[in-house]
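> I would like the atomic coordinates for the input below:
(3 chains)
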Amino acid sequence: MKSKNELLRENIIRTSGADVKKCMKCGKCSGTCPSYDEMEYHPHQFVYMVETGDIEPLLNSESLYKCLTCFACVDRCPRGVQPAKVVEAVRLAAIRQQGKNRLTPDGVEKYLDDEIPQQAIVSAFRKYTK
Amino acid sequence: MQVNEYKPLIVAFCCNWCSYAGADLAGNNRLNYPADVKIIRVPCSCRVNPAFVLRAYQRGADGVLICGCHPGDCHYTTGNYYTRRRMALLFSMLSYLGIEKERTRVEWISAAEGAKFAATMNEFVKTVTDLGKNRRLEDLRCKK
Amino acid sequence: MQQRIGVFVCHCGTNIAATVDVSAVAAALGREPGVVFARDYQYMCSQAGQDMIKDAIKEYKLTGIVVCSCSPRMHEATFRKTAAAAGINPYMVEIANIREQCSWIHKDKDEGTEKAIILGRAAIAKVCLNVPLTAGEIPVTKRALVIGGGIAGIQTALDIADAGFEVDIVEKKPTIGGKMAQLDKTFPTLDCAACILTPKMVDAGQNEKIHIYSYSEVVSVGGFVGNFTVQIKKKARYVDETKCTGCGLCTEKCPVKNVPNEFNLGMDTRHAVYIPFAQAVPKVATIDPNYCLMLKNGKCGLCSKLCGAGAINYKQEDEIIENKYGAIVAATGYNPISMDKFDEFAYSQSKDVITSLEFERLMNAAGPTGGVLLRPSDNEHPKTIVFVQCVGSRCSADAGKGKEYCSKICCMYTAKHAMLTREKYPDTDVYVFYIDVRTPGKNFDEFYRRAAEQYGVHYIKGMVGKVSPEGKKLKVRGSDLIADKQLHIDADLVVLAAAIEPDKTARPLATMLTASMDTNDFFTEAHPKLRPVESPTAGVFLSGCCQGPKDIPETVAQAGAAASKVIGLLCHDKLTANPCVAHSDEWMCNGCSSCENVCPYHAITYVEKEFRMPDRTTKIRRVASVNPAVCQGCGACTVACPSGAMDLFGFSGKQISAEVDAICR
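Just a heads-up that it's a prediction; the model follows:
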């Protein structure tokens, strides 16, 4: 019988479609990440922690919502690991597990200003809700 | 119950220089493929007489594979080009005889492509297993 | 005659015995018709195992043996010798491959055992139809060809010539020397590359046994081991090599000065008539037809007027030379990969992002800056230099760019570059971004530690993610995995340790040589451990980076090894031919010429022969005749023959049919 954590790990790997075992720990993903300074856990740590099954800290981290999904790490990873997809899979798992959406229509208002394009709000809903 | 236990019988002719070495490499790397594949070593794929393929079907083989070097890389310069032409003719004859064309295949596998060898074998065995037993040409008198 | 077959099943330690029930295989095969002896043993290839085979052959009067063991590519020759030592024909041996093609790929013991029995049965069916064969002899041309004139080719040629054999070097560039001639210093002893290479180039140029075809290419290869026929195209260099003294007057006065200098990787220019570098061998000028005004539009002719030796010849044409060789050595070398797919490092956007080979030229006293380290963009001294390792090496196939292998030399030359920079310019900050530092070699790790400890090079475990040119600076963003920080460095110069790949000419050459290559276009060796300098194609040998990434010490060692293999081949007057050749049954041959047309070696000729017919008359018929010294035994003719007259020794129609029957039984 697989543990709950093991099932969670397998689920994340499956939904991300990424092979975390391919990572050779070069750190190019984190070297390239534009939101690096905003994040508590960095792209290479996401990949490593999913590989080792240390997923709990990631689920509760704000870092999940700091990834811009710019895919620079996916483009530049020499091993084809796709770190951004791993981050996204963990985020999805967090949203599903906690059962509540990160973003609600009521909560949007405080983010709005004249600069923010409508597209950003739409994609934020797509990303941060289940 | 019988259907699940069906194991096809597959004969693979492999040229000594590329595909046989590729099969060895698959072994060296411990890449699994079904035991249903039995390999016969030939010097070059052009040594494979279409009659050998027919004989295999007659004796009850369910699938036949002919493997050679990639076109242009033949150890004997041009052998695999002959194979390609001969087998094209054989394929039209086999389909005339009513043997499914998926049962016979020509593959180019180099000495460095152990992974490709194993993948090809896995996939071919699955194809032949799905097709089931070859009944069209099997000569039951050949069986004990 | 009734065959008496012996079957020997090898355990190969646990390699076979773990997934195949070897005693059951021996028992089952012992019951096959014709088999009079069957036994399993721990290591058949060991002396004890071979003795067991010899004893059994004598005691049971065996006429043929089947060894169920590893691949015939591994030990067929071993067991043939064993059989011959026991007094039976060596070609009465068949191998059933129950290791690579059975035990290693199957996990289920029942399945493995069943398959091993079937493979053994097929081998028994085949050996029952084997006939004793005697190998013929073929003469050896005592001359070797080395393709590529870098350090690998030069060393191979020198070693072969040393043993007294003639060697030709074919080099596509106007001079020999290759990549090593472009290097500045060499690790780990920091000798100057030119100081140790150019004496060897001179030796090669002056050696009576060595002939250099510079500015030439191999265009076709025919024949086989001991008897290759090679066509070499000597490209027109518009200068008579025999007259040119290499004075260099023409190269100074030529009015066309803006040709990118390939020897300095395009970082400066040369004239349309040029000698690549001062120590070139042969020291002969070459006219570049793409830039020469005389050759392009018939106006100029200055060099011809200046040349005191009268060596300039604008009418020179490509020349094809045909030579015979006994052995061929491939030494085609490497090139750095293109940086097109790695645009995050801004190689195409900034002149100050360079590859390591370009850095090598910048540091070289004969380079574009005369050995002073200056930025290519503005000729200023760089104060901060970032070296990035593994650019394009160790990439996964999924990444869709780069190479999967480790390029092997980058860690060491980057340490060398960093060290030399800090030594010459101590006020420079040097950063090296690394994934792993790989230094397995004599005095290699000590060298790398010296760079870090004595010279104060900043080694950072991590990778650069992005380089963006901003004004005169290059903004480098990379990760420091140990400190768990993202670093931002304002650099003046970024040096990329580009992966290396085989030269583009290697692939077409391999096709001509019928030598096999791996998926990266490196030549494959006959055995990765035991025959590392031989190609699986007999008579073709490998030297240097065409077989895999190598540094200079390794290349020189391999070049010597390849030379010794060539010498070993050339010192034979005759070679034993492969007796598994085609032969035709003259009574069945109908004289149709089908076999003659498909034979790639022209081994089949037709002869008029007198036959005594059953009614006692005589009749002259035209029948095929195979020259066994030329036939390589591919078997194309056997299938082409409509009357079934043509057959192949060792792989006869009956034998293969018997194998098919045995497998399908």
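> any idea of the pLDDT on residue C:554?
As predicted, residue C:554 sits at a pLDDT of 96.
> separation between it and residue C:458?
Residue C:554 sits 29 Å away from residue C:458, going by CB to CB, to the nearest Å. Every residue, glycine included, has its C-beta placed from N, CA and C.
> Tell me the spacing between residue C:332 and chain A.
From residue C:332 over to chain A the distance is 27 Å, taken as CB to the nearest CB, to the nearest Å.
> Oh, that last question was meant for residue B:119, not what I typed.
Look at residue B:119 and chain A: by CB to the nearest CB, they are 17 Å apart.
> so how far is the strand or helix carrying that residue off the chain centroid?
Using DSSP states H and E, residue B:119 sits within helix B:114-131. In this view, helix B:114-131 has its centroid 10 Å away from the chain centroid, taken as CA atoms, centre = their mean, to the nearest Å.
> same thing with stretch B:45-61?
Offset of stretch B:45-61 from its chain centre (CA atoms, centre = their mean): 9 Å.
> close enough to count as contact, residue C:232 and residue C:170?
Yes. Using CB atoms under 8 Å, residue C:232 makes contact with residue C:170 at a distance of 5.6 Å.
> who has more neighbours, those two?
Legend: neighbour count by other CB atoms under 10 Å in any protein chain shown for residue C:232 and residue C:170, higher for residue C:170 (27 against 19).
> Please enumerate the shared neighbours of residue C:232 and residue C:170.
Common contacts of residue C:232 and residue C:170 (CB atoms under 8 Å, 6 or more residues apart in numbering or on different chains): C:213, C:216, C:217, C:218.
> Which among these count as buried?
Buried members of the shared contacts of residue C:232 and residue C:170, scored by 16 or more other CB atoms under 10 Å in any protein chain shown, are C:213, C:216, C:217, C:218.
> center of chain A, which residue is that?
Nearest to the mean C-alpha position of chain A, by CA atoms, centre = their mean, lies residue A:87 at 2.1 Å.
> And the nearest residue to that one once chain neighbours are set aside, how far from chain C?
Nearest residue to residue A:87, sequence neighbours excluded (CB to CB, 6 or more residues apart in numbering or on different chains): residue A:67, at 4.6 Å. With distances taken as CB to the nearest CB, residue A:67 is found 14 Å from chain C.
> okay but residue A:67 is in contact with residue A:35, surely?
Yes. Using CB under 8 Å, residue A:67 is in contact with residue A:35, at 6.4 Å.
> ok, the two, which is more surrounded?
Taking other CB under 10 Å, residue A:67 and residue A:35 do not tie; residue A:67 has more neighbours (25 against 15).
> right, and the helix or strand after the helix or strand harbouring residue C:390?
If you go by DSSP H and E, residue C:390 is part of strand C:384-391. Once the chain leaves strand C:384-391, the next helix or strand it forms, by DSSP H and E, is helix C:410-424.
> if we can go back for a sec, in helices only, show me the shared contacts of residue C:232 and residue C:170.
Among the shared contacts of residue C:232 and residue C:170, the subset assigned to helices under DSSP state H is empty.
> Turn those into CSV, including pLDDT and distance to residue C:270.
Below are the shared contacts of residue C:232 and residue C:170 laid out as CSV (pLDDT from 0 to 100; distance: CB to CB, whole Å):
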residue, pLDDT, distance to residue C:270
C:213, 97, 23
C:216, 97, 21
C:217, 97, 22
C:218, 97, 27
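> rewinding a little: tell me how far the residue nearest to residue A:87 lies from residue A:86.
10 Å.
> how about the residues of chain A near chain C?
Counting by CB under 8 Å from any CB of the partner chain, the positions of chain A adjacent to chain C are A:19, A:22, A:24-33, A:36-37, A:42, A:44, A:72-73, A:75-81.
> In this structure residue C:385 contacts residue C:491, no?
Yes. Contact criterion CB under 8 Å: residue C:385 and residue C:491 qualify, at 6.5 Å.
> More neighbours: those two, which one.
residue C:385 (26 against 22).
> number of nearby residues for the nearest residue to the more buried one once chain neighbours are set aside?
Spatial nearest neighbour of residue C:385, chain neighbours left out: residue C:493 (4.7 Å); criterion: CB to CB, 6+ apart. Residues near residue C:493, counting by other CB under 10 Å, number 28.
> ditto for residue C:598
20.
> need the contact list for residue C:602.
Residue C:602 touches residue C:630, counting by CB under 8 Å, 6+ apart.
> residues touching residue 23, list them.
Chain wasn't specified; assuming chain A. The neighbours of residue A:23, taking CB under 8 Å, 6+ apart as the test, are A:44, A:47, A:48, A:51, A:79, A:81.
> meant chain B actually
By CB under 8 Å, 6+ apart, the neighbours of residue B:23 are B:12, B:14, B:39, B:114, B:117, C:100, C:101.
> so which helix or strand takes in the second one?
In other words, residue B:14. strand B:10-15.
> Could you quantify the relative orientation of that strand and helix B:114-131 as an angle?
150 degrees (axes from the mean of the first three to the mean of the last three CA atoms, to 10 degrees).
> roughly how far is strand B:10-15 from the heart of the chain?
The answer for strand B:10-15 is 4 Å, by CA atoms, centre = their mean.
> swap in stretch B:105-113?
The answer for stretch B:105-113 is 11 Å, by CA atoms, centre = their mean.
> I'd like the average pLDDT over it.
Computed over stretch B:105-113, the average pLDDT equals 92.
> Keeping just the C-alphas, turn that stretch into PDB.
Output in PDB follows, covering the C-alpha atoms of stretch B:105-113 (Å, rounded to 0.1, in the frame of the first residue of the first chain):
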ATOM      1  CA  ARG B 105       8.700  -5.900 -41.500                       C
ATOM      2  CA  VAL B 106      12.000  -4.500 -42.600                       C
ATOM      3  CA  GLU B 107      13.800  -2.400 -40.000                       C
ATOM      4  CA  TRP B 108      17.100  -0.500 -40.200                       C
ATOM      5  CA  ILE B 109      18.800  -0.700 -36.800                       C
ATOM      6  CA  SER B 110      22.500   0.300 -36.400                       C
ATOM      7  CA  ALA B 111      25.000  -1.200 -34.100                       C
ATOM      8  CA  ALA B 112      24.600   1.800 -31.800                       C
ATOM      9  CA  GLU B 113      20.800   1.600 -31.500                       C
END
